[in-house]
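> Need a 3D model of the following:
(chains A and B)
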Amino acid sequence: MKHAITYVAGLVPAFLLAAGLAGAAEMTAGEKQLYDAAKKEGSVTWYVSQTTTEFADGMCGLFKKKYAGVECNVVRASGQVIFQRLVQELQAKAVQGDLMSTNDDGQMLQLKEQGALAQFAPENLKDMVPELRALADKENYWITSGVSPLVIAYNTKLVTEAEAPKNWTDLADPKWKGQVAIGHPSFSGSVGLWTVLMNDLYGWDFFKNIEKNKPQIGRSVADGHNLVASGERKVALAPLPLILSDAILKKVPIGVVYPTDGALLPPSATAILKDAPHPNAARLFENFLLGPEIAEYFAKDYRYPLRAGVPLADGMRPLSSYKTKSIATADGIKKLPEVQEKFRDTFGI
Amino acid sequence: MTSVSHSAATTWSEDQPVKMRVPWHQRLQPANLLWLFLAGILVVLIVAPMWTLVVSSFTDAKTGGWTLHNYVEAYGKERHITALTNTLKMGAVVVVLKLAFGVPLAWACTRTDMPGRNFVRYSVFGAFIMPPYLAGVGWILLAGPNTGWINRVWHSLSGSTEPLVNIFSFGGLVLVTAIGGFFLVFVLVSSAFEMINSEMEDAANILGAGPFKTAMKVTFPLVMPAIIGSALLSFLGAIALYGVPALISIPARYPVVVIQLTEFFSFPLRIQVAAAYSIPLLLITAAMLGLQKLILRRKGYVSVSGKGGERRIVKLGRWRWVLFGYCFVVVALSVLMPLFVLLLAAFSDSWTTGFSFSNLTLSNFHYVLFEHSSSQKALVGSIGLGIVAATVAITLALFIAYIVQRKLIPFSGLLAFLAVSPYVVPGIVLAIGFYAAYALPPIALYGTYTIMALAFITRFLPIAFTTSSAGVRSIHPEMEEAVRILGGGRVTALRHVVGPLLKRTLAGGWLLIFVPAAQELSTAIFLVGPTTRVVSVVLLDLSEEGELEKLAALGSLLLIIIVAVVALGMRYLGRDFMLRRS
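Numbering: from 1, shown residues only, chains lettered A, B, ... in the order given. Below is the predicted model:
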C-alpha cells in the first residue's frame, strides 16, 4: 500500500512536467523566450482607457491563465486621465506602467515624439486583419488594439426606432431638449476625437446648437451609455460594443443608430513604454492582445476581433457595411487643444 | 564667605538670565534635541511643501527662472476667474446651510427637552461617517433629473415630465456639500452649549425675557465664537472638497476651483500654474482667520470657559415636536435618504428598476470584493492609511502638545503654530504642495504609500494637536513632577503617566482622524499611483464609468469597516464619544 502511494506520488511531478511541456509546446520560440523572461519579472502593469475596468480585468484574467506566474495589474481611468498620469510619471522619471492602451492614438504620437515609447513588432501582427493593422504606427511604436466605433445610443423603452436620431446633427433637434448626453473632450480621448470630427464636418455651430438642448456632460464616453441604459437620458454618444453587449447579453433597453454622416472610428492603440519596469512581460502582453484568446473574447463581447478569419458575433455589422470616419493622428493632435478650449467656453465647464 | 554670597547675589540680579558660556555639547540636551527633531518633522510635513508651492508658482517651468507668467496664465481667462468667484459663492451658501442644519440641531440636542435627542445625535454621527462623495452618489440616485427616485414618484403622481428636483444644479451642489460637513458645526457648537452656565439665562428670565428672547439675547451670543469658528472650518471644507464637485458640478456646468485645478494637472501638465491658481485659496483662508480673530477680540467670552455651573434644559412645550420635525428633516436629507438608496442600489441589479425581489443580488459585492482589479487592495490601502495617519498624527501631536503646554523649551509656541497651520490649507492645495516637493526627483516619492501617508498626517495634524493639547492641559504637572522626583525622565513621565491618563482623549482623537483619513479623496486625488489606489479614488473611477451599483457596494463595504472600527472605539471609550462631552 505504502509502496503504491509513493509510486503515485512520484508520478505527480512527472504529469505536471508533461502538462507544462504540452503547454509550452504550443508556444513559439519567441513567445517562450518572452514568457521565461516575463516570469522573472513577475508582473505586468497595464494602463488602460480603451475598455471598461470589467472588460480589462477579464483580459488580464485570460493572460494570467495562459501565462501562469506572471501577474497582471489593470489601472483603468478615462483617456486623458491615464495620459496625464503617464505624463506625470515621465516628468517624475518614475514610470510605473509597462504598457498603455488608449482610444486616442494622438497620445501615442506625442509619446513617441517624446521618446517615451519602445519599438516592438509582436509576432501575432502577421495574423491581423490587414485594414486594422494599417491603422497602427508604421515604425511599430504602437499597435492597433481594437476599434470601437462611436455611434448614437437611444433608450428603446423611451424612443422608437422611427423617432431615434439618424445622424449627428439630429442631436440638436429641440425634441431632445434635456435628453442628450455627451462626454467631455478634456477627460475622454475618444470624445476628444469626436469633437474634432464634428468641428471638421459642421463647424463649431454644431456644438452651439447642441448646447441649446442642455446635454448632460459626463467625463468618459461610457457615462453617456449608462445614462441612456438607465433612462436618465434618451440619446447619447456611446461606443458600439458597450451598446450591443448590454442590449443583447444583459437585455438592457438600448439601441444603436449608425449615423448616416459617419460613425467615428477611433483606432485604439497599445504601446510599450521605453522605461517599462517589466519590459518582457509588457512585450508578452502586447503579443497576447493580438492572439486568438483575445480575438475570441472580443468577438463574444460584440467587439471587432483583430485577427483575420474570426467570425463576428450575431447582431454585429461588418465595418465595411456602414459609413465610418477617422481622424488622422497628426490632425487630431493639432486640433484637439483648440476644440477642448472651445468646448469649455461653449459649455461653461 | 558672606561677601562672596553677597557678590553672587548682585551678579544674579544685575543681569538675568545669567549669561554663561555654555559649551555647544552641553546645549545638546535631550529636550533641545527633541525640539529640533520635532521642528524638523514639521518642516518636512508643512513648511517644505507650502514653500515649494509658493516658489513654484513664481518659477518658469522651462528655464527655472523667476516669472509672473504662471499667474497670467492662471488668471488670464475669464473662465478661470468665474471658477474662482463660483467657488466663493458656493462656499458662502454652503456655510449658511451648514449653520442652518448644525446650530439648531446642536441646541435641540443639548439644551432642550426635544424627544429623540439620541436618535438625532446618532444620525448626525452617521453623517460624520458617511463620506461626502457617497452622499453625493446617494443624491444622484434620489434626484437625478429623469430617473431619480424623487422625480419618478413626482412624475407618476403629477403626470408631469419635468423634474421636480435636479441634483445637477447649484442648489444640488450646495445641498450635497452642506450635508457632508455640518456634523462639524454640530460637534463644535454642541460642546459650546454644554459649557454655558444656566445662571445667565435665568437672569434673563427673571428680567422678563421669554425662552425665545433668552435664546436670542443670551444663549446664542455666548456660543458665537463656536459658531464663527465652525463657520470658518465649514467654508474651508466646502471650497476644498473634490469629490462632490467632480460628481455634480461637471454635469451641473458650474465650474469651481478644484475642477479647474484638474485641468492644469492634465496634459500639458502645468504644476506651476496650478500652484499659482491655488494661492488665492490660501490667502482667502488666511484672511478669514484674521477676520475671525478680529470679530472675537472685540468681545469678552470669559463666561463660556471653564466647566460651567448648573445647566438646565429648556422646556419647549408643544414646540418640541416642531423642533423634532425640523431635526428629522435634516437627518433624513443628510443621512437616512442617501444611505437608504445607496444600500438598496448596492443590492440591486439595476438601480433604476427600483425595489423588487427579482432585482436583488449580491453580485455587486462579489464583483468589488473578488473581481475588480483594484478594489480589494484599495480597501486595505484606505484602512491602512487611516490607521497610520491617525496613529502617527496623534503620537506626534502628543509630543508637541506636551512640550507646548509645559513650556519645556524656548519657541515652543512656534511648534504649536506650525502644528495647527494645515487647518488653513485646503486638502487639494496640500496635495499639490506635496506633489511639487516630494513626488519628483531627487526625492521621487511618486506613486508610493509614503507620500500619501505624509500628506494625510499633515492634513489631520491640527485635529490631533487640538485634541492632545486639550488633554495635556487637563493634567496637573504635579504627577509628572512626582515621576521626576523619583528619578524618572520626561519620556518616562510621558509614557507612564501622561499617556495612560490621556488614553481616552487620545483614542477619541484617533477616531476623529481615522474616519476622515480612511475616506480622504481631496488630498489623495493627485498623489495616488497605479499601485497605491485608495477606495475614494476607485469610487470616483466607478462613478465615471457609471457603475453606480458597484460603487454603492464598495462604498457600503468601506462604511461597514469604518463603522466596525468606530464601534470598537466606542466600546473602549464609552458611549459618550462625540455625542456628549461633560
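> What helix or strand is the residue positioned nearest the centre of chain A located in?
With distances taken as C-alpha atoms, centre = their mean, the residue of chain A nearest its centroid is A:Gln50 (2.5 Å). Per DSSP states H and E, A:Gln50 falls between elements, in no helix or strand.
> can you tell me which residues contact it?
A:56, A:101-103, A:145-146, A:148, A:268, A:270 (C-beta atoms under 8 Å, 6 or more residues apart in numbering or on different chains). No exception for glycine: its C-beta is placed from N, CA and C like everyone else's.
> now, among these, which is nearest to B:Ala252?
Of all the contacts of A:Gln50, A:Asn103 has the smallest distance to B:Ala252: 26.3 Å, by C-beta to C-beta.
> What distance do you get for the closest one to A:Glu286?
Look at A:Asn103 and A:Glu286: by C-beta to C-beta, to the nearest Å, they are 17 Å apart.
> And for B:Thr112?
B:Thr112 is 68 Å from A:Glu286, by C-beta to C-beta.
> more neighbours, the two?
Each of B:Thr112 and A:Glu286 has its neighbours counted (other C-beta atoms under 10 Å in any protein chain shown); A:Glu286 has more, 27 against 20.
> A:Gly348 against B:Ala252, yeah?
No - the pair A:Gly348 / B:Ala252 is not scored as a contact, 10.0 Å apart, by C-beta atoms under 8 Å.
> out of the contacts of A:Gln50, which touch chain B?
A:Ala56 (C-beta under 8 Å from any C-beta of the partner chain).
> Please identify the nearest residue in space to the residue in the stretch 401-550 of chain B that chain A sits nearest to, excluding sequence neighbours.
Nearest to chain A, among the residues of the stretch 401-550 of chain B, is B:Gly546, at 2.8 Å (C-beta to the nearest C-beta). The shortest distance from B:Gly546 to any non-neighbouring residue, by C-beta to C-beta, 6 or more residues apart in numbering or on different chains, is to A:Asn226 (2.8 Å).
> Remind me which helix or strand that neighbour belongs to.
helix A:221-230.
> now for the lengthiest helix in chain B, which elements pack on it?
Looking across chain B with DSSP state H, the single longest helix is helix B:78-111. Contact partners of helix B:78-111 among helices and strands, from 3 or more C-beta pairs under 8 Å, 6 or more residues apart in numbering or on different chains; DSSP states H and E: helix B:117-129, helix B:170-179, helix B:182-195, helix B:220-240, helix B:257-264, helix B:271-297, helix B:319-331.
> Out of the ones you listed, which gets nearest to chain A?
That would be helix B:257-264 among the helices and strands packed on helix B:78-111, by C-beta to the nearest C-beta, at 6.5 Å.
> How about that closest one and chain A, any contact?
Yes - Helix B:257-264 is in contact with chain A by C-beta under 8 Å from any C-beta, via B:259, B:263.
> Could you tell me the angle between that helix and helix B:271-297?
Taking axes from the mean of the first three to the mean of the last three C-alpha atoms, to 10 degrees, one finds helix B:257-264 and helix B:271-297 inclined to each other by 160 degrees.
> Just the C-alphas of helix B:257-264, formatted as CSV.
This file holds the C-alpha atoms of helix B:257-264, laid out as CSV (Å, rounded to 0.1, in the frame of the first residue of the first chain):
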residue,chain,number,x,y,z
VAL,B,257,-11.6,75.9,-8.5
VAL,B,258,-11.0,72.2,-7.8
ILE,B,259,-12.2,71.2,-11.2
GLN,B,260,-10.1,73.9,-12.8
LEU,B,261,-7.1,72.7,-10.9
THR,B,262,-7.5,69.2,-12.5
GLU,B,263,-7.4,71.0,-15.9
PHE,B,264,-3.9,72.3,-15.0
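> That one to helix B:220-240, inter-axis angle?
Using the same axes, to 10 degrees: helix B:257-264 against helix B:220-240 is 20 degrees.
> mean confidence score for helix B:257-264?
Per-region confidence: helix B:257-264 scores 84 on mean pLDDT.
> Can you give the contact residues for the helix or strand hosting A:Phe55?
According to DSSP H and E, A:Phe55 maps onto helix A:53-66. Outside of helix A:53-66, the residues within contact range by C-beta under 8 Å, 6+ apart are A:44, A:46, A:48, A:50-51, A:70-74, A:76, A:285, A:288-289, A:293-294, A:297, A:301, B:367, B:371-373, B:541-542, B:545, B:547.
> Quick one: buried ones out of those?
Among those, those classed as buried by 16 or more other C-beta atoms under 10 Å in any protein chain shown are A:44, A:46, A:48, A:50-51, A:70, A:72-74, A:76, A:285, A:288-289, A:294, A:297, A:301, B:367, B:371-373, B:541-542, B:545, B:547.
> Among those residues, which are located in helices?
Reading helices off the buried ones among the contacts of helix A:53-66 with DSSP H, I get A:285, A:288-289, A:294, A:297, B:541-542.
> Mind checking if stretch B:161-178 is in reach of chain A?
Yes - residues of stretch B:161-178 are located near chain A by C-beta under 8 Å from any C-beta, namely B:Phe168.
> buried stuff in that stretch?
Buried, per 16+ other C-beta under 10 Å, within stretch B:161-178: B:163-170, B:172-178.
> What pLDDT is listed against the closest residue to A:His278 other than its chain neighbours?
The spatially closest residue to A:His278, leaving aside those adjacent along the chain, is A:Glu41, at 4.0 Å (C-beta to C-beta, 6+ apart). Looking at A:Glu41, its pLDDT is 94.
> Just want the phi and psi numbers for A:Glu41.
Per-residue torsions, A:Glu41: phi -80, psi -30 (degrees, to the nearest 10).
> cool, and B:Ser160?
Here B:Ser160 shows phi and psi, under degrees, to the nearest 10, equal to phi -80, psi 160.
> okay, now the residue in the stretch 101-250 of chain A that chain B sits nearest to: neighbour count?
Using C-beta to the nearest C-beta, the closest approach of the stretch 101-250 of chain A to chain B is made by A:Asn226 at 2.8 Å. For A:Asn226, the count of nearby residues is 24 (other C-beta under 10 Å).
> ok, the closest residue to B:Glu544 other than its chain neighbours - how many residues close by?
Closest residue to B:Glu544 apart from its sequence neighbours, by C-beta to C-beta, 6+ apart: A:Arg219 at 4.6 Å. A:Arg219 has 26 neighbouring residues, counting by other C-beta under 10 Å.
> swap in B:Lys62?
8.
> Outline the domain layout of chain A.
Domain assignment for chain A by automatic domain parsing gives A:27-148+A:267-316, A:150-264+A:323-347.
> Export the ones you listed as a markdown table, with columns for distance to B:Leu379.
Converted to a markdown table, the domains of chain A look like this (distance: least, C-beta to C-beta, whole Å):
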| stretch | distance to B:Leu379 |
| --- | --- |
| domain A:27-148+A:267-316 | 16 |
| domain A:150-264+A:323-347 | 23 |
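> Appreciated, that's everything.
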